[in-house]
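1. need coordinates for the below:
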Amino acid sequence: MRSIFKFFSTIITCGAVIVTFSACVRQTTTDYLNPVLEFNTDGEFTILQITDTHEWMGVENGTFSATKMDTLKPFLLTYMDSVLDQINPDLVVLTGDNIFPLSAFNDILPDTAISVLTYKAFAEYFKRKKQYWTMTFGNHDAESIQTKQTLLTAIDNYDFFLGGRKSTDYYKTLEISRYDENGYNDDRLANFSIPVYNNNEIAYNIFLLDSGSYSGFPAPAGAPYRYILDQQTEWYISETQRLNLSTEKIISSIIFTHIPLLEFNHLYSNAEIRIGTLNGLSPSDKSSSILNALTANGTKGFFTGHDHDTSITFIPAEPQYSSIVFGVTPHADGISYSELTSPLMRSRVIKINPNGDLMTYIHTNEISDSNPDNVENGEFIMTGDFYEYLVA
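-> Just a heads-up that it's a prediction; the model follows:
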């Protein structure tokens, strides 16, 4: 199967160019509990980032009552079915605010907690689809009565899920149990380091980092958002060093987290290459040490969610970040069980290759004569070999 995409002149070249990409042939293994991700025979690997789904399989009947539902919201299921069939990703990454708990009363007992059942429904869905996936947490995931430990344990052993409470011979995890400076719980789970192989060698690495929730809880209106901790940065650096030593070369990587870095506003405003629509940013309230560690450790992409209607992708002008593609991905929120008209739903497609190059765009469920391939505004950012393929 082949797809035709249009790439507009404001980003790279003069005039509209028609580009044909080969569909990704998924490399699978029969050992679903211990899969190994691999580049396909064309040297590509496709990631689908879905963020801010705000799922919760219940309908409020009042302050202390909710009716449990049997499935994820219909429009989310329809959208995921469609985008998985069209893109055929090698890995799906959920980047936080996967749930939006509505009733503490209905989350008290882990066996019946709607938040837990919602996470299991995601795991069941991807198992049915035979789709490898992973996830990290956002600020709303932390609002359940059930802990992150319970939510992650609920999906730990599902087929096709890459991640869990403990490291394996294949992927590594980091769990941080802590209280912040104000004495509030600030546990950081779902920090994962997942390699991608090419010709039986590690050629790329995928990081997921839990960016936390609020500085203070219960969160007042306008509460500041947390940030990636120094301990997480140190783990990211140690993981890159471990991989580099094992392969005797610098391994390229990509990072996914939920909350944009404090510096995103500045980096985007001054970027020489940028696309998309900025509808406000609600970044972390403090700088994170990870920003200054990215280039030296081979990171080529840094993608977040969190700001629902903001859809931006950019390469900073600052020399120390000019080899990194940053992005904020808009939400894929199914809205409600009673909605009659499909909401605007979007996700991010990222193609990488073993050389560390990437291509990314926003996928949308809106289709028109000018947008027949679900590419939002026809906008791409490409680097290295992907760009060379375009202009060849």
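2. the longest strand in the chain is where?
-> strand 188-198 (DSSP state E).
3. how far off centre is the helix or strand that that one is followed by?
-> Remark: after strand 188-198, the chain's next helix or strand is strand 201-208, criterion DSSP states H and E. Distance, stretch centre to chain centre, for strand 201-208: 15 Å (CA atoms, centre = their mean, to the nearest Å).
4. which residues does the residue sitting nearest the centre point of the chain bridge with?
-> Central residue of the chain (CA atoms, centre = their mean): Thr95, 3.7 Å from the mean position. With DSSP bridges as the criterion, Thr95 is bridged to Thr136.
5. where do the helices sit along this structure?
-> 74-87, 114-129, 148-155, 230-247, 264-269, 384-391 (DSSP state H).
6. pick out the shakiest of these, pLDDT-wise.
-> Mean pLDDT is lowest for helix 384-391 among these, at a mean of 68.
7. can I get the helices of the chain in JSON lines with mean neighbour count?
-> For glycine as for every other residue, the C-beta is placed from the backbone atoms N, C-alpha and C. Converted to JSON lines, the helices of the chain look like this (neighbours: other CB atoms under 10 Å):
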{"stretch": "helix 74-87", "mean neighbour count": "18"}
{"stretch": "helix 114-129", "mean neighbour count": "20"}
{"stretch": "helix 148-155", "mean neighbour count": "20"}
{"stretch": "helix 230-247", "mean neighbour count": "16"}
{"stretch": "helix 264-269", "mean neighbour count": "18"}
{"stretch": "helix 384-391", "mean neighbour count": "15"}
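8. got TSV for the ones you listed, with distance to Asn355 too?
-> Listed next are these as TSV, based on distance: least, CB to CB, whole Å:
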stretch	distance to Asn355
helix 74-87	22
helix 114-129	29
helix 148-155	33
helix 230-247	14
helix 264-269	24
helix 384-391	6
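9. that older thread, now the angle from the longest strand of the chain to helix 230-247?
-> For strand 188-198 against helix 230-247, the angle by axes from the mean of the first three to the mean of the last three CA atoms, to 10 degrees is 20 degrees.
10. strand 188-198 pairs with which strands?
-> Sheet pairing for strand 188-198, using DSSP bridges, gives strand 37-38 (parallel), strand 172-176 (antiparallel), strand 201-208 (antiparallel).
11. quick one: contacts of the last one?
-> Okay, so that is strand 201-208. For strand 201-208, contacts defined as CB atoms under 8 Å, 6 or more residues apart in numbering pick out 37, 39, 45, 47, 91, 93, 95, 134-136, 163, 190-198, 236, 239-240, 243, 246-247, 251-257, 299, 352, 354, 356.
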